[in-house]
Structure formats: C-alpha cells, structure tokens
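# The following block contains a protein sequence and its predicted model.
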Amino acid sequence: MHAYSLDRPERLRAHLAAQRRLYEVRPDCQGGQHWQTVSSQDRHAFEPSSELPPFSAKSFFFGERELLFRFDGGQFYSALPQVVPQVLFGLHACDLQAVAYQDQFFAQDAHYQARRQATLLVGLDCLHSCNGGFCSVLGSGPAVQAQTADLILLPPAEAGADWGLLAASAAGQQALHGLDLASAHADWPAQRQANEARVRAEQGSQEDIIEGIARLNLQAIDDSTWEALGLRCLGCSGCTSVCPTCSCFAPLDRAEGQGGALRERVWDSCLYQGFQQEASGHNPSATAGQRVQRFWTHKFGEDFRQRFDSYGCVGCGRCDRVCPGSIGVHGVMHKVVQP
Amino acid sequence: MRVVPSICSFCGVGCGIGLRVEDGRVIGVEPQPGHPVSQGQLCAKGWASSFAIDAHGRLTQPLIKEHGQFRPASWDEALERVAEGLRNAQDERGPGGVGVISCARASNEDNYAAQKFARAVLGSNNIDHCARICHSPSVAGLSRTLGSGAMSNSIADIDQAELILVVGADVTENHAMIGARMLRAQARGATLIVIDPRRTRLARLADIHLQLRLGSNIALLNALLKIILERGWENTAFLAERCEDIAPLRAHLAELSLAQCSEQCGIAVAELERVAYLFSQVKTAFTAYGMGITQFQSGTNNVIALSNLVLLCGQIGRPGTGINPLRGQNNVQGACDMGCLPNVYPGYQAVADPAVRARFSTAWGRAVPEAPGLTSLGMMHAAQQGELRALLIMGEDPLQTDPDQNQVARAFAALDLLVVVELSLTATARQADVLLPAAAFAEKDGTFTNCERRVQRIRQAIAPPGLARGDWQILGELARRMDYAGMAWRDAEAVFDEMAALTPIFSAMNYPALDAHHGLQWPCDSAHPQGSPILHQQGFPIGRARLLPLSQVEVAELPDAEYPFAFTTQRLHFHYGCGSMTRKSPLLERETPAGLLFIHPEDAAELGLAQHQGVRVRSRRGVLETRIEYHDDLPRGTLSMPYHFSEAPCNRLTNDAQDPISKMPELKACAVALEALAPGQAPDIHMGTSEVSHARL
Amino acid sequence: MIDSTPRRLHLLEQYEDGEDSRHFSLRIEQPAASDLAAKAGQFFMLTLPGVGEAPFTYVSLPDAQGCFTALVRRAGRLTQALFDQPAGSVLGYRGPFGHGWPLFFNAQPLLVVAGGCGLAPLAGVIEQASRQAMPARLSVIYGARHSGAQVLGRERARWQQTLPFIETFDQAAPGQRQGTPLLHLDEVFAAGPPAALLCCGPEPLMRASAEACLQRGLRADRIWLSLERRMHCADGLCGHCYLGSSYVCQDGPTYRYDRYLQLLGRSSPISQAPPALFC
C-alpha cells in the first residue's frame, strides 16, 4: 500500500472526475445532504461533514428499482444497467464495510456487479465520531480498512496541513496515474491510530450494544420483549431502506403495451407483515415481534457473522434516526438489555 | 441521481422528503434530516411514494366519452367540449347550474385557481372539496368557540407538553410522524392519554386509555367538565381574562348527573376523575383529535365539547398546549385556506361580506357572485334534482369516499356534463364525460399547507407523463376559452403571489421566504413576518373565547334486532384515502387483503366465523361482501372497516345523517347486520353495485 | 452470474384436479441439461408476463422434450390469471431450484405423509416407487379436508393399484377414513416400522407428523419435510424465504427434521400457526 502526501484533496477529486463520473456528498438547500455529481471543474472545497448522509452508497450498487427483463409478447430480454465508470469520493469506513459485506452477498448478482465493477471507492478516515455512530465497537471503523476501498483519504488533524492518501488497491493505484504526488510523512500510521483512539473515546463503551448482542445470541430475550418492541414498529421500512447492508427485494411485474411486460426488483423490508405471507395465508413471521427479532438476528446473529466474517450491522446508527418508534439499534438494544 | 426536496403528498402532517430522481424517474424517496415536522423520518406511505408517482397506470392524454367508451382527444378538443358544456349548463340553469369540487391533495395554487375559476369564470360559489367529510365540524365548531378552525399550536409543541390528550385519532397509523413524536414525548416523561373506542396502537402504549362507547364523546367530555368545575380545578385566571362568562355552562353541567354521563360513555367515574385531574392540573396539555370527533352528526358539538375542556383548563395560547385537529389530506388545510368552500374566499374572507366581494371583483376584473354556494353533498342533491347540470371534479373520488355511494352515482348519472381532472382512472373518473390528465406533485412546483398551517414548497422533479398538465394550467386554459384572461399565469409562483396579495393572513409569504424557513405558518403578515407557530397567545379572533353548554347526542342509528352490530370506519397505516396512490406499491398492497372487516375474536367465535372467512355486510343503505379479520382493537359488538378498497367500499353502508351545522355525514357510526358466506366461498366484490352501474346506463 | 430472466415455457393444456386446483402440462422450449436433471421435490419459477412469478413443484419431471406437469392451486391474482390462460400461451420458466427428496434408500420401508396439495411435491417419489424404479417400499398416508379437496386424481388412481395408499378426511363421507393422517400412523408402523418419513403439507401437520414418528422411534435425521415459503428470486437473495439463517429456495425446500428444528430454534420462534392442517 503506497502512502502519499496530498496538499489539497480537491486536486485528487478533479483528477478522478476527469476520468470518471464523480459523486460526493453535498448539502442541499433544505438542510439535507446527498450524493451528487461533481465535475472536474468544480471549485467547491472538499469539506466532508462528520455526519453521515441519510443514504449510504448502497443504492449505487443495489438499485432501489432495477429492471430485470422485458418481454415483448414473445421473447424475454435480459436487462443489465449501463453504468459509466464512476467514483464515490469520501466514503466513511462504516459505509465501505457495508459495501464489502454486500459485495459478498451479491457476488453472483449480475445487476449488482455491473454497477459495482464500474465503481472506484475513495474512503475517508473519520477524525470524530458522527452522532450516534458506534463503528469502533463493531470493528467497522473509524479507520477505513484497506481491503474495502481503492483509495483512502487521511484528513489532517490540523486544518491547512497536508492530507494523506493511501492507494489500497491496484485500481486505486492506477487511478492516480498522472497525478503528481509526494510520499507521505512517516508519521501517518501514528496519526491514524490517534484518530481511532479519539473516535473510540467519543463513542464510549456502548455497553447496551455489546450486552444486547450477547443476549441475542444466547437467546436470552423472551418473546414478550420482542412483542413489546414489535408494538412500536410501524412497518415503515425506514430502517431497511437506510441500512447499508439490508438487501431484501421484491419483484414488481407490469404489463406494458401490446402483450409486453417487464419485471423490476424493488427494495423490500422484512418488517412488513406481508414479507413472508404465503399464498395460502400462512405467515411464518406473523407477529411484529417476530419480525423485529428477525431483523436484529440478521444484523447480529452469530450464524450470519460467521458466514460474512463480520456483523450485518456496521454501526452507522442510521436506523436510530429514521425509526418513528424509537426502536433503532440503540433503542432496541437498550430495551433488550433492560426490558 | 439527484435529490429534489419536496413535501410528502400523503397526509396532513407534511413531512419533508427528498425525491430521488434517476433517468427522469422518481425511483425512491428519502426523509429530509432536520425537517421541523418529520425530523428525518417517514411512514410506510411516505417511503413508498415512488410507486404512487410512477407513470405506470397514469392518464397521459385527454379522453372524451362517446357511446360509453373513452377515446383520446387533443387538449383543444377536450377543453372546447368542457367549455361548451359549462356554457350550456349556465345558459340552462344560470350560475347555480354548474359547480366545481376541488381537491385537498392538489396544491394551494391549484385550489386557488379552482375557486377563482368557479367564482370569476362560472360566476358561482358552488365550490367545495372533501374537508366536508373530514374536518368541516372543526371549522364550524372552533370558529364558534375561538374564531379559527385550524390547529392552534404546532406539531413541535408536543415536545414541550407535560400531557398529551388524543381523542378519536389513530395517530401512529394515520399521522405517523405526529404519533412518533407523541411516543418520544412520553418516553421523556409526558403523560399520554388516549380517548378512543378502538384500542389502537397508541392506546395500547398510552398511560391511560379511555375506551368509550362509540359516539359518546360529549357525555365523556361533559363528565370531565363537571368534575373539574365541582372540584374547582378550572383555570380561573384564564377564564376571567380570556373567556366569556361560563355561567350558562356551569348551570347546564350542574343539571347533569355524573353517574349518567359515566354510564353513557361507559367509563368509570374514578377513571374520569383521574383524567380530569391530570388534564386540569398539568402546566401544559397538548390536545389533538381526529375524525373520531368530527365524523358524527354531532360533529360540530363534539368539537365544541372538546374546546370547552381545553378552555376551562386554559390549555391553549401557550407553548405545549392547544386544540389541534389532525387533518387528513396533505393539503386539506390549504384547500380550505384557498377558499375552496362555498362561503369564503382565500384566507376565510366571507363571501357574505360586501367589502370582500368588492375587493375580489376589482382584483379579478369580474363581478363575483353574491348568492351562497352549495356544498359537495348539496351539489350531489342538486344534480339529482336536475338543478345542477355540469360538474368539474379535480382529483377527488367521491364515488368511493363519500357516504351513500348510490346517491353519488345517481347524481353523476343525472348530470349533462361531468368533467374529471385526475392522475389515474378512479371510480369517479370512469363516470366522466371528459377526463383530463393532471400532473402529480412531483411534476410541478407549488405549495402544500400542513395541518399546523405550515405552507411548504413542493418542487418539480420530473416531467408530467404524456400530455398531463398542472390543474391550475388546465383551469387557466379553460378560463381563456371561456373569455376570461385573468388566469393566464406564468408559473406557480405567480399564482401564489396573486393569492398572497389578496389574502391578509398570507401577505408576507413568498417562495423565497418559504424556501428559507422549511415553510412558514400563517398568519404570516407584516406583524408576523416569520409566521405564527402558536395562535391565540394574546387574544382570540372572536375576542373572548366561548364555552358553550351541550348535551350528549346519540348516533342517528343504533344497533337493533335487525342490524345488531355497531359499525365504524377507520384507516390503515399502509393506505391512504381511496388507495389510488398507495395501492400502486407492491409492498403496501401486499400488506392487507383488498378489503376487510375487523371483528372482535369473541364475536367471530360466537358466529362461528373463521379468520378471513367471507361475509356479507348489510346496512339500511347498502350491502357488500368482504372478508373478516380478527382484531381485539374493537370492543365486542362493534365492527370496523377501512375505506381504502374499491373491492369493499364501506361507504356503501355508512349513514348520510348529517351534522346540521357543518353538514358532516355520520361516517363513524351506523348499524349493520352480518351474514357468513359458506366456508371457502370468495366474497363477491360486485355484490351491491348493481344500482351504481344501472344508474349510469 | 445469475440470470433471472425467464426462458420460454409453453402451456400445453390444463384440467381440473381437485377443488380450486388444476393440473398443468407445460413444455420448456429448448430444455437445458439442468432441466433434464431435475429431481422430485425441487421446484421451478413460473412467470405469467405482466402479472407475476411464483414457485411451483414438479409433479412429473421434464422429459427429453422438456414436457412436465405441475399442480396449481388458486390462491390469488397470479394463479387465477394462470387458470384463465388458453393452451398455447407463452409463459416464463426458471429452474430447477432447491434440493429435492433424498433418494438414497435401499429396499427399506418408507413412509410418505401428505396433506392437501402437499401431495404434489411428493408425486415424483411416489411415482418412482409405484413403477418400482427405486428399491424402497413405500406407504402413503394422504389427508384432505374432504374428497373434493383431494388433488392428483389420475395419479392416485394409479398409485392405489400398486402401493399401500391410505386416504383420510377431516370431513369423511360414509365409508371413508375420518381424521388426520396421524390417526393412522400406528397401522403403518404395525405393518413394519418405516426407515424414513417424507412429509409435505401445512407446517403444523408436518411438525405433528414428525413428532408422532419421533415418538414411535424414528430418528430426527430420518425425517424430511418440504417447506412452503414465499419465494421470489429463488437465488437466495431476495430474503423472503428465510428459515433462521437458511434460505428455503437454496437449502430447501426439503429439510431434514433435525436441521429444521435447529434453524427454527436458533433464530426464530415457532410461529403461532393457524390450527388448520390442510391447505
């Protein structure tokens, strides 16, 4: 892994944007922030927020609405997305860990891979914890893990100082071709460690999370606790929409024109009552409590952790923010630890 | 991918959303972090917005019906046909022969255009919209007691309340972000009290649930008032400073028996005392109510009874308090504000006031009508009697959502011309003579006003499908063909600016100011340039507030031997209105069978009904077939149906007995009989529709 | 890479086969080697273009021409629309998917318990035993609500000639056996305890049958169930068919009972299923 010193991250951004379609998180006029395209001519300073955008990078690869095939009345035609080479600039460690998780899950999925393989990932170490994040406890951050990114930006501890830049993959190294870069100062590993220690301290011990995971895997949480949580689940699908590792989808079939048809797949949520409902009316997860239990088992269950070599939760805390029933990750873990 | 900030189009809460646009299509939505109402959250309907907006199944060109079949037409031909039909109806019956039903889902700009079209072009005050069937009693009741029918406080006041009282509102399901906020308030220590005949989710989570007998709101509220006065728990300073003399109320309550009130509402006196104590003694109590108050023949009086309670304890005019009707449709507040009511101009300026009429006549360059207009139900009756000959409906589906559908069908059949402006082919749209394709909220600029009077910007994210256009553009073009040039606006902002210039409570609003503040709450004028989050802080619009004596009014139709079950209607979290938008989501559509009847499991057991068995439901007005679902939300002896499903239109059963003041039909209570279908027999979704279809032929 | 685009499937004919059920004859256009290697108990995804897609089991497996049969029970919009399709319609096909029944038995007695349309996934196994194409000796207990609700009428008529085939009914007519299949287990065990149980029907029936056989000395690892789950992608991705940490479309639909219990126990409680034993 080559380490470079970078005077201004905007220079790297302009370089990459000249080769590919570049996305960066930018504020909108209404207090939100979103992934937006940025041209190589863009003059805005790269000033990443320590708060995560409402949406992770998930939708770049696992499309919210993805066309699977068309039918013209006689023949079926596969549809694959046409994706121009793109770069996501400034992904936090947790969101990159989630991409790595989904890379495994969707390894054989042609639509996901078509989008994913057209994409260069530029990670960004966090200097401070975001509000509600707990990546340090789950091992998904705050430092970007090398195998999850192509390039890694190391912000300076003091404003105005040089940034660090790590080439974490061959594609990342290649993307730097033509960019004039000096070697990094020798102290960058120490700086990363200091950042990590700072974020870890800011995030605290997160005892509810640790204890909650243990209780969940010991099956020490009784049905009545799950059902009490279920009563607070409105089935809105907010948590599954913003969760960077959630991957469930449903088909949407539509007739089109004269005898034609198409099928899309659309994001689905295991919290919906109808998610497992069978044609016969039988529902293996008929109660809201069972569905809430399922969701968290999928995130923290040992079976899944072994299969993916990491938890399905990356500690971003987005579910806490979008849950109208206050049963995002901290809400749930608090209640299962102290029912 | 780009994200266009907008406002959710599903209910009166007005949550901030971002429309996620890819390749000219809205593929998803995201919540707006930091939005003052929704605080970065959405409900199931909001999250599913992209399906509702989808171009699939949308009307893309004007259609004219010939020999019972629709055929495509150009805008020219369709609008010429409409103009001619409207002129014929006017020639035959005068301005009373035409009417417009506007839409509580359309933008303020569309609604302003609708009432201007009715008044300036058609010369008629026959302009109304569906607030008639959700909150007209709020307007009528609160106008009498306070002088203003809107939410007195803001949704954010929930954060400051020590006590939250919810009456007849299923808030977590229907106004989910308000329900969520109430639960967060409870978690930080506020007391949550729910008064509802159904054991809703919020009722289950509440500190206190008073499960009153269906339709006994006044008895229960009178009992609370009586207890408070007898114990001297009333807010004497507030009453002295801000209210008219309460002696008549005191005298009236003194004559009532507490035991009798308790028996009428089915709540023990001790429980009533506990609630009376808490509500009167906390510093701040936030009161919210829904259609469990308004949809009764005593709807206006129910509102007044609740207003009495709030006033008696002085729980209004301060942060964390207030009386707050939770409005249903995303822009029902705006449709009222814009004057889509037969008796008021924008900003509730009275049609009866000659000075107001003179002002609008001058501004619009047309003599405006003096004769009072008809309500939408009035228009239906007038149509059946041959007095109303032509009707223009913008985006509403009265055939499915109004009470007593057979009457609506007969009214449509009797018209010479029915024009419907719609997104898709609803039941009402099918009956149209001319059907005009409208642009959806993601396809146009404009504003919506949420239930807390917050006017918020919606922004065009994508192009309308095919030839569809915004309602105000359609009406403007129609006006031009009817020789009126005063509606040829440049853009939505021009419509808004014209409205604001004529409407004192909006006088300081404009698009840039709305953009800068996540919207502004009216009144917003030179005295309140930042808007008014809390009303009635100094005085009431009528000066001193009024507390009015009332007596319990029984529902018009009680269960009897022939129709032994009480019957009520409700909504589901996953669906909205007639389902024309939510049912396009494969995920929401999957959640519930298309049409169902909720029944207490013990009632079902007694009748030997299996889960999801087919049943026939009959009232004095109609019959339908659907499936049952066990639900212990309901007390025994009471059945409930959601009204979202055309397969099981419960308003074929409901009573059109009306509130004499607001004309609100009693949708929340009637009596029905239940009959099991054979096990395995599927409900006949056409059962009971024969009259509807014959009426048209 | 997964290709989730269906291939063309021709509807050859359909006939009534039990209450609300029809028997479909279908032909895969240009069958692939994998189609011809399908096993009894596996399933395929059938698309009606513009309406939807759903999993169905093979009643008879694809032959060299790609022809096979399937039983479809009317349960909703898709199946109703399928019933309305004329012969010659072009449908979509993906498959085969999942794991079929274990077929490694020697000449041992085998017990098959089926409920309602749960007979369909077992048809391939019964058919092979009936034709003595496999060494195992097979007994069948088939339960249904009433005789009108029985499926696979033509097949049963044939099987009854060659196998011990007990039919039971919730609502028995005179001369018929009353009650669930469980009431008739002792009769089969008395004739010779089976070496394995293959079971398909509503989940409560399968669990009850498995428990009853456990009580009679059969080991949990000699019991197989075929589960119904909502399935959409059949590639183990869409998430709907989960059973604990397993996806039924990939690891099932047949599960060994001990594995099934382990999956249920580890991550999801046994659901409060409706009492009905037959679909």
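Okay, I see it.

# so where's the stretch 101-250 of chain C uncertain?
By pLDDT under 70, the weakly predicted segments of the stretch 101-250 of chain C are C:104-106, C:135.

# can you give me the strands for it?
Assigned by DSSP state E, counting those that start in this stretch, the stretch 101-250 of chain C shows strands spanning C:109-115, C:137-144, C:165-169, C:177-178, C:196-200, C:223-226, C:242-243, C:246-247.

# close to chain A, is the first one?
Yep, that's strand C:109-115 we're talking about. No. Counting by Cβ under 8 Å from any Cβ of the partner chain, chain A has no neighbours in strand C:109-115; the shortest distance is 11.4 Å. (C-beta placed from N, C-alpha, C; glycine too.)

# what helices or strands is the helix or strand where B:Leu478 lies leaning on?
Using DSSP states H and E, B:Leu478 sits in helix B:471-481. Applying 3 or more Cβ pairs under 8 Å, 6 or more residues apart in numbering or on different chains; DSSP states H and E, we find helix B:471-481 packed against helix B:75-93, helix B:108-116.

# Please work out which residues outside that helix touch it.
Helix B:471-481 is contacted from outside by B:75, B:79-80, B:82-83, B:103, B:106-107, B:109-110, B:112-114, B:116-117, B:120-121, B:394-395, B:421, B:436, B:438-439, B:469, B:485-489, B:492, B:495, using Cβ atoms under 8 Å, 6 or more residues apart in numbering or on different chains.

# Please produce a ChimeraX select command covering the buried subset of those residues.
In ChimeraX, a selection of the buried entries from these looks like this (16 or more other Cβ atoms under 10 Å in any protein chain shown):
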select /B:75,79,82,83,103,106,107,109,110,112,113,114,116,117,120,121,394,395,421,436,438,439,469,486,487,489,492,495
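
# who's in contact with the nearest residue to B:Leu146 once chain neighbours are set aside?
Excluding the flanking residues, the one nearest B:Leu146 by Cβ to Cβ, 6 or more residues apart in numbering or on different chains is B:Phe540, at 5.0 Å. Residues in contact with B:Phe540 (Cβ under 8 Å, 6+ apart) are B:Leu146, B:Gly147, B:Ser148, B:Arg242.

# Kindly export the very next helix or strand once past the helix holding B:Leu478 (C-alpha atoms) in CSV.
Next helix or strand after helix B:471-481 toward the C-terminus (DSSP H and E): helix B:492-502. The C-alpha coordinates for helix B:492-502 follow below in CSV (Å, rounded to 0.1, in the frame of the first residue of the first chain):
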residue,chain,number,x,y,z
ALA,B,492,-46.9,28.6,-9.9
GLU,B,493,-45.1,31.4,-8.1
ALA,B,494,-47.3,33.9,-10.0
VAL,B,495,-50.4,32.2,-8.8
PHE,B,496,-49.1,32.2,-5.2
ASP,B,497,-48.2,35.9,-5.4
GLU,B,498,-51.6,36.8,-6.6
MET,B,499,-53.2,34.9,-3.8
ALA,B,500,-50.9,36.3,-1.1
ALA,B,501,-51.6,39.9,-2.4
LEU,B,502,-55.4,39.3,-1.8
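
# Tell me which other helices or strands helix B:492-502 touches.
Here helix B:492-502 touches helix B:108-116, helix B:354-364, strand B:446-449, going by 3+ Cβ pairs under 8 Å, 6+ apart.

# longest helix of chain C?
Counting by DSSP state H, the longest helix found in chain C is helix C:203-215.

# Would you map out the domains in chain B?
Using automatic domain parsing, the domain parsing of chain B gives B:2-53, B:63-133+B:330-508, B:136-325, B:565-696.

# go on, chain C?
According to automatic domain parsing, chain C comprises the domains C:7-97, C:109-267.

# quick one: contacts for the residue sitting nearest the centre point of chain C?
Chain C has C:Pro121 as the residue nearest its centroid, 2.1 Å off, counting by Cα atoms, centre = their mean. Going by Cβ under 8 Å, 6+ apart, C:Pro121 touches C:Ala40, C:Gly41, C:Phe43, C:Thr57, C:Cys200, C:Ser226, C:Pro253.

# Does A:Ser40 touch A:Ala14 like I think?
Yes. A:Ser40 lies in contact with A:Ala14 (Cβ atoms under 8 Å); the separation is 4.7 Å.

# So between those two, which is more surrounded?
Looking at A:Ser40 and A:Ala14 with other Cβ atoms under 10 Å in any protein chain shown, you find the greater number of neighbours at A:Ala14, namely 18 against 13.

# That one belongs to a helix?
Yes. A:Ala14 sits within a helix when classified using DSSP: H, G, I helix; E, B strand; the rest coil.

# any idea how far chain B is from it?
Look at A:Ala14 and chain B: by Cβ to the nearest Cβ, to the nearest Å, they are 21 Å apart.

# For that residue, give me the pLDDT.
Note for A:Ala14: predicted pLDDT of 97.

# A:Val38 touches A:Arg13, doesn't it?
Yes. Counting by Cβ under 8 Å, A:Arg13 is a contact partner of A:Val38 at 6.8 Å.

# Need the overlap of contacts for these two.
Here A:Val38 and A:Arg13 have A:Leu22, A:Glu24, A:Phe89 as joint contacts, going by Cβ under 8 Å, 6+ apart.

# Closest one of the residues you listed to B:Tyr289?
The shortest approach to B:Tyr289 among these belongs to A:Glu24, at 46.4 Å (Cβ to Cβ).

# backbone phi and psi for the closest one, please?
With angles defined as degrees, to the nearest 10, A:Glu24 sits at phi -140, psi 150.

# that older thread, just tell me which of the strands of the stretch 101-250 of chain C ends up closest to chain B.
strand C:137-144 (13.2 Å; Cβ to the nearest Cβ).

# who does that closest one pair up with?
Next to strand C:137-144 in the sheet, as set by DSSP bridges, lie strand C:109-115 (parallel), strand C:165-169 (parallel).

# Now A:Asn283. Nearest residue, chain neighbours left out?
A:Asn283 sits nearest to A:Gln277 (Cβ to Cβ, 6+ apart), 4.6 Å away.

# Was I right to think that neighbour contacts B:Leu587?
No. In this structure A:Gln277 lies outside contact range of B:Leu587 using Cβ under 8 Å: 11.7 Å.

# neighbour count winner among these two?
Taking other Cβ under 10 Å, A:Gln277 and B:Leu587 do not tie; B:Leu587 has more neighbours (23 against 18).

# Just the closest residue of the stretch 551-697 of chain B to chain A, please.
B:Arg590 (3.6 Å).

# measure the closest residue to B:Arg58 other than its chain neighbours to chain A for me?
Sequence neighbours aside, B:Pro465 is the residue nearest to B:Arg58 in space, at 4.9 Å (criterion: Cβ to Cβ, 6+ apart). B:Pro465 sits 14 Å away from chain A, going by Cβ to the nearest Cβ.

# Thanks again, I'm all set now.
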